[in-house]
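>>> Whatever this is, show me its structure:
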Amino acid sequence: MVLPSIEDGLGLVMAQALACGCPVIASEHTGGRDLFTHGVEEFIVPIRSPARITQYLQQFADDGALREQMSQATLQLLHEPCKGGSVYGENMVTAVAHAIQSKSKASNQATNDHGGLT
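Purely as a prediction, here's the structure:
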């Protein structure tokens, strides 16, 4: 599957390809890095790079073992936790805790600045 988007937040079709065991060739602006690893389940190419896309398509055409290896790698992802999911969750918890701490410090500072009156 090829997704050569110039601008695309996250191409859902890439996840659908993954579910079918289809290796992906996608541009950098598709969110592919959030789903796949370059050279393992997909090839990530710069935007506006038809020569690089052609190169990877030719690799798939010439190397059935590579196609099969990448296909199996995409299917393996279905049995693993979401790539980066735990990191995202940890970062979200840290960000919320930081926001609460900052708000608490600001509230305490305001109380101290106004002699206990807010």
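>>> all strands of the protein, in order?
Secondary structure of the chain (DSSP state E): strands at 2-3, 24-27, 42-45.
>>> all helices in the protein, in order from the N-terminus.
Counting by DSSP state H, the chain has helices at residues 12-19, 32-35, 50-62, 64-77, 85-113.
>>> Lowest average pLDDT across the ones you listed?
For the helices of the chain, mean pLDDT drops lowest on helix 85-113, to a mean of 69.
>>> returning to that earlier point: deepest-packed of the helices of the chain, please.
Stretch with highest mean neighbour count among these: helix 32-35 (a mean of 18; mean count of other Cβ atoms under 10 Å). For the C-beta atoms, the positions are set from N, CA and C on the backbone; glycine is no exception.
>>> Name the surrounding residues that touch that helix.
For helix 32-35, contacts defined as Cβ atoms under 8 Å, 6 or more residues apart in numbering pick out 3, 10-11, 14-15, 18, 24, 26, 41-42, 44, 77, 83-84.
>>> Tell me how far that helix lies from the chain's centre.
3 Å (Cα atoms, centre = their mean, to the nearest Å).
>>> Return that helix as CSV; C-alpha atoms alone will do.
Only the C-alpha atoms of helix 32-35 are listed here, as CSV (Å, rounded to 0.1, in the frame of the first residue of the first chain):
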residue,chain,number,x,y,z
GLY,A,32,3.2,6.5,9.7
ARG,A,33,6.0,6.8,12.3
ASP,A,34,3.4,6.6,15.0
LEU,A,35,2.2,3.2,13.6
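>>> Would you check that residue 8 makes contact with residue 47?
No - using Cβ atoms under 8 Å, residue 8 makes no contact with residue 47, being 10.0 Å away.
>>> So for these two, which sits in the more crowded spot?
Between residue 8 and residue 47, residue 8 has the larger neighbour count (other Cβ atoms under 10 Å), namely 17 against 12.
>>> thought residue 25 was touching residue 54?
No - using Cβ under 8 Å, residue 25 is not in contact with residue 54, being 9.8 Å away.
>>> So what's the residue count around residue 26?
For residue 26, using other Cβ under 10 Å, the count is 27.
>>> so it makes contact with residue 42?
Yes - Residue 26 sits in contact with residue 42 when judged by Cβ under 8 Å, with a separation of 5.9 Å.
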